[in-house]
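J.: I would like the atomic coordinates for the input below:
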Amino acid sequence: MASKTATRAAHGRVTAPGVESPERIRNVVLVGPCGAGKTTLLEQLLAASGAITHPGSVGDGTTVSDSDPVEVAQQRSVFLAAGRLRHGDVLMNLLDAPGFADFVGEVRAGLRAADGALFVVSAADSLDESTVALWEECVALQMPRAVVVNRLDAPLADLAGAVRACREAFGDRGGNAVVARYLPDAADPTRLVDLLASEVPEVAAERAELIEAIIAESEDEQLLDSYLDGDQLDPALLSADMHKAVARGHFHPVAPVCAATGLGLAELLDLIAAGFPSPTEVAQPAVSQISGEDTEQLRCDPDGPLAGEVVRTWVDPYLGRVALARLFSGTIRPDTPLHVSGHGGESRGHPDHDLDERAATLLGVDLNPVDAAFAGELCVVARLANVETGDTISAQDRPLVIQPWAMPEPLLPIAVRGATRNDEDALAKALGRLLAADPVLRVERNSETGQLVLWCLGEAHADVVLSRLRGNGADIEAEPVRVALRATFTTAAQGHGRHVKQSGGHGQYAICDVLVEPLPRGSGVEFVDKVVGGAVPNQFIGSVEKGARAQLARGVVGSVPVVDVRVSLLDGKAHSVDSSDAAFQAAGALAVRDAAEKGKPQYLQPVDAVEITVTDDHIGAVLSDLSARRARVTGSEPFESARPGARTVIRAEVPAAELVRYAAALRSLTGGAGVFHRSYLRHDPAPASVAAVAKDDRRDQR
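T.: Below you'll find the predicted structure:
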């Protein structure tokens, strides 16, 4: 996107001129697995159209430019990228989404900004489960899409096999048509044959398959009769019907390309221009006023109310905070007063916010200044102080909020801390900037363990998060994630608390006897006054309770809080002069600690309810792994899905300590085919091994 192309702005980039109407815009996102060549394809398309003077890359070709050190270090695309080109009278905004599963949040942002998708696969590689999962991201949104088979020059490349694999994985069993639109010319492998326009015998079967698939999706009932009668069909008519079929999301033409040699690039641009929908042909996201009332339906209308959505943010050393936005309605100019709204992110650590911003710097995707951007376009808005990814941009006199897109659930926890106190301050500031740019990341300050936990999608996402934090000046250290252990009593026990001191003037005098009894799980802490005869004056009963509760919260086994007990105050003594609130608080705490030495306290570990969805051929491996994690499987059932291949939902109760790295483990076990969700269930008695580790951890902390 703009941050990737910034370094090329002064090297001959040609800015595509604006267009007069949204009908002449195509917003397309490139989606596909790592290694399919999406970024190289984007570079070559930009170069072939003159948008850049020559294709360029760094290292192994995974980045458009060398402006982002995180991507260079990762050696893969990490962030959403974009480029703009003109093909005939059509302006195309092409987005490049990362292919690795850890960055599916960027994929969803790209799908939100686009009106169609090019699903890029390699002719030399098989389709694995992670590739199918990316296709399912498009299916979930009914995104119009075509299949691009790239890397035809690679060793062992097999175009026919790749098309067949795509049809099996994405098409026939899913009720969709996946058919070739172009094929290499057998007589001249440097060119492609247009199956709608050519009637050469060598491609007759493929041509018939394409035409029949178009007719099956066509609303023209006479088209089938004409075809069966052997009439000559107008290629323009077939192309128009194909455009409608693609827009409905059930027809997926296949285009072979070789980004390295340029084969098929012109045909691919033709396919985007003629086969993909414009912004006016797709449904706009739901929008409402800030109050939540007067919900209105957006239309792709330059004269409508201003409503755009930020799909990526980053910090530029010269422009400050920069946002790539998709405009769904209205027109924005450099002098437009803007309102920024962020809603729906509270659970992820992104509190709702509504702020007016001064007029911002308006740029095109290529970072060149523009006079205006209107509905259907992508633009870059700079110098907005508080904008975050996922925010809505609207006019100050009519503030709106767009319903945010669904974010993936981060399930891999990483605990971090600043190396020094100054680094803790730097970490807080760096996290603020990072949260604004990464809506998937969730930050939690665990009140029981005291750790700062960053919830990520996977190990690669975690590496990027840590790299970006350190790049923002925070010297941070990662540490093992601790689970929130608790403790309870296994038997009833009495405790005696004596706090008597005399040091001149008023002394301190308080004595109390308590009984601590275990309660059922989830009961919390109860306090009961059973004193008779006024042995403990009424004004000090609450003091004993306060001291007892404070001691239980601090812990009687290390520093693990004690839960599910009842503390009964049985007896005590007071002094008419020396007794005080503080003295009885101290005595209550001492009495609880004394009872703990007799009541056989026990560690409790958190247990989560887990739902795992896997293909049936991975069930055995997942169940075996769950057994090794001390899990209790509670049931399973078939998972209803249009996705090819039988899938099953496994339900289990798993100790939280066994789930710390489970996101990475499940991906490895299932080749990316498994997903899971977790939620806190209860605390259960911890085995001796967990208790021993907990004691060591608490000793280290002291």
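J.: which strands and helices lie in contact with the strand or helix carrying Gly620?
T.: Secondary structure from DSSP states H and E places Gly620 in helix 619-628. Packing partners of helix 619-628 (3 or more Cβ pairs under 8 Å, 6 or more residues apart in numbering; DSSP states H and E): strand 632-638, strand 647-655, helix 662-670. Every C-beta, even on glycine, is put in place using the N, C-alpha and C of the backbone.
J.: shaky segments in the stretch 1-150 of the chain?
T.: Within the stretch 1-150 of the chain, the segments meeting pLDDT under 70 span 1-20, 54-75.
J.: how does it look with 50?
T.: 1-17, 57-66 (pLDDT under 50).
J.: all helices for it, in order.
T.: Under the criterion DSSP state H, counting those that start in this stretch, the stretch 1-150 of the chain contains helices at 2-5, 38-48, 69-74, 104-113, 129-140.
J.: can you redo the ones you listed as TSV with distance to Asp366 and mean neighbour count?
T.: What follows is the helices of the stretch 1-150 of the chain, written out as TSV (distance: least, Cβ to Cβ, whole Å; neighbours: other Cβ atoms under 10 Å):
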stretch	distance to Asp366	mean neighbour count
helix 2-5	6	24
helix 38-48	10	24
helix 69-74	19	17
helix 104-113	16	24
helix 129-140	26	20
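J.: tell me which of those sits nearest to Val481.
T.: Between Val481 and those, the shortest gap by Cβ to Cβ is with helix 104-113, which sits at 21.3 Å.
J.: give me the angle between that closest one and helix 129-140.
T.: Angle of helix 104-113 versus helix 129-140, following axes from the mean of the first three to the mean of the last three Cα atoms, to 10 degrees, is 30 degrees.
J.: on contacts alone, who are the packing partners of helix 104-113?
T.: strand 25-31, strand 90-96, helix 129-140, strand 307-316, strand 320-329.
J.: and with 7 Å instead?
T.: strand 25-31, helix 129-140, strand 307-316 (3 or more Cβ pairs under 7 Å, 6 or more residues apart in numbering; DSSP states H and E).
J.: gap between the longest one and the chain center?
T.: By that I understand helix 129-140. 15 Å (Cα atoms, centre = their mean, to the nearest Å).
J.: name the surrounding residues that touch it.
T.: The contact list for helix 129-140 (Cβ atoms under 7 Å, 6 or more residues apart in numbering) reads 31-33, 101, 104, 107-108, 111, 117, 119, 121, 145, 169-170, 643, 670-673.
J.: can you show me the CA trace of it as CSV?
T.: Extracted in CSV, the C-alpha atoms of helix 129-140 (Å, rounded to 0.1, in the frame of the first residue of the first chain):
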residue,chain,number,x,y,z
GLU,A,129,-5.9,-26.5,4.2
SER,A,130,-4.6,-23.0,4.9
THR,A,131,-5.3,-22.1,1.3
VAL,A,132,-8.8,-23.5,1.5
ALA,A,133,-9.3,-21.5,4.7
LEU,A,134,-8.4,-18.3,2.8
TRP,A,135,-10.9,-19.1,0.2
GLU,A,136,-13.5,-19.5,2.9
GLU,A,137,-12.7,-16.0,4.1
CYS,A,138,-14.0,-14.9,0.6
VAL,A,139,-16.9,-17.3,0.7
ALA,A,140,-18.1,-15.9,4.1
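J.: export the helices and strands packed on helix 104-113 to JSON lines and tack on distance to Cys456?
T.: Converted to JSON lines, the helices and strands packed on helix 104-113 look like this (distance: least, Cβ to Cβ, whole Å):
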{"stretch": "strand 25-31", "distance to Cys456": "21"}
{"stretch": "helix 129-140", "distance to Cys456": "17"}
{"stretch": "strand 307-316", "distance to Cys456": "18"}
